[in-house]
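1. Got a predicted structure plus its sequence, pasted below:
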Amino acid sequence: MKLIAKTFHGLEGVLAEELEGIGAKEVKAVNRAVEFEGDKEILYKANLQLRTAIRILLPIHHFTAKNDQELYDEVKKFDWSTIMSVHETLAIDPVVFSEIFTHSQYVALKMKDAIVDQFREKEGKRPSVDVENPSIRLVIHLAKEKATISLDSSGDSLHKRGYRTGHHKAPLNEVLAAGMVMLSGWDKKMPLIDPMCGSGTILMEAVMLAKNYPPGLHKKSFGFMGWKDYDKKLWNKVVDEAKEKITHPRLRIFGSDANIKAIDVARESALQFRFNRDISFSVTSFERLEPVYPKGMIIMNPPYGERLMKDKDIVDFYRMIGNQLKQTFIGYDAWVITSDKEALKNVGLKPLQKLKLFNGGLECGFHKFNIYDGTMKKIIKFR
């Protein structure tokens, strides 16, 4: 069957490699998504194991519509009893890029009307809508006149790994953090530091990657579990096989932040997944931080845009980042994500690589700096 894995801009290539790694066929990267083919087992593996996917969709109905009546009629042509029963609930997520259909919620409403009207005419009853926890979640993608309706096999977004405690609003999506670690080329053996780790998202994703730990292992439910052809035995097999492949390498991963509350949240997240022995945390500002090892990698998400108040603060802050890298982290590769191109110039280093990513609605640059080899004298103890 043909499937679609949704992702963020800039992560399509990484996701395509992940899909090939789990056995998907006919893998093709497109804008913010990867198309592929696979059986039910591949569908289950994709939801459990993919780090850079937001959700996995199964397209079930394609059509064209030039107005709302055609939209209603085309949706109604599909036999919805093959997907769900009248006693089940549904939710519809619209994704609309069209000059004809300018209100996405209106598209969702017309689609819902067509589905429930079909049931009412055939059975005298209609299914209900449940936006929060539906039995069946549908996605309609409408580009100009072309529409595709898909079954959402994931349910809640796959970025919700289960380690987020809720006490801290994470500025970095887990899928983006995983993509950054994978794009960096970190070999899982070299020391890794996030000197502005906040709630620890980058570090948690790095540990899961190094351990071959399935990011969906703690997710309690998936959309496909409400489908008529859900195979619980096959799902359990996929989960058991994934668990057997988890490794326990010795990791050198460090996180620091000047905010003690952020570090407390990061430690709690690590404890949720029993990664507390894999990550060493320190309440330390970057300007006072010195490395444990002479070589390694830094991945950081420094404050930018709305996270800093004054232009002078931004200039001074990024200048400090550059000074620390040049003076203290010689021998390291440093990756920095930011949406503030002007502020980044104050780092005073020429990036060897630039990648375009999106953090929420912000277009960001993910920049690699190489700090040439040297020697280290001081060591900081991470606790």
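-> Arrived safely. Numbers count the residues shown, from 1 in each chain.

2. Just want the phi and psi numbers for L151.
-> Main-chain dihedrals, L151, degrees, to the nearest 10: phi -80, psi 130.

3. who touches it in this structure?
-> Under the criterion of Cβ atoms under 8 Å, 6 or more residues apart in numbering, the contact list for L151 reads 57-58, 60, 83, 136-139, 223, 227. For the C-beta atoms, the positions are set from N, CA and C on the backbone; glycine is no exception.

4. filter those residues to the buried ones?
-> Among the contacts of L151, those buried by neighbour count (16 or more other Cβ atoms under 10 Å) are 57-58, 83, 136-139, 223, 227.

5. Count the residues that sit near V131.
-> V131: 11 surrounding residues under other Cβ atoms under 10 Å.

6. nearest spatial neighbour of it, skipping sequence neighbours?
-> A91 (5.1 Å; Cβ to Cβ, 6 or more residues apart in numbering).

7. Dump the buried ones among the contacts of L151 into CSV; add pLDDT and distance to W235 as well.
-> Listed next are the buried ones among the contacts of L151 as CSV, based on pLDDT from 0 to 100; distance: Cβ to Cβ, whole Å:
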residue, pLDDT, distance to W235
L57, 98, 18
L58, 98, 16
I83, 95, 19
I136, 96, 17
R137, 97, 18
L138, 97, 21
V139, 97, 22
G223, 96, 12
W227, 95, 11
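
8. mind listing which of the contacts of L151 are in strands?
-> 57-58, 60, 136-139 (DSSP state E).

9. quick one: the helices in the protein?
-> 12-21, 40-49, 68-77, 104-123, 174-184, 201-211, 232-244, 260-272, 311-328, 341-344 (DSSP state H).

10. Over the last one, what's the mean pLDDT, rounded is fine.
-> The pLDDT scores in helix 341-344 average 89.

11. List of residues touching it?
-> Outside helix 341-344, the residues that touch it by Cβ under 8 Å, 6+ apart are 304, 314-315, 317-318, 336, 338, 365, 367.

12. Outline the domain layout of this structure.
-> As assigned by automatic domain parsing, the chain contains the domains 2-152, 174-212+248-370.

13. Would you quantify the distance from the nearest residue to M190 once chain neighbours are set aside to V283?
-> Leaving aside its sequence neighbours, M190 sits nearest to G296 (Cβ to Cβ, 6+ apart; 5.2 Å). G296 sits 20 Å away from V283, going by Cβ to Cβ, to the nearest Å.
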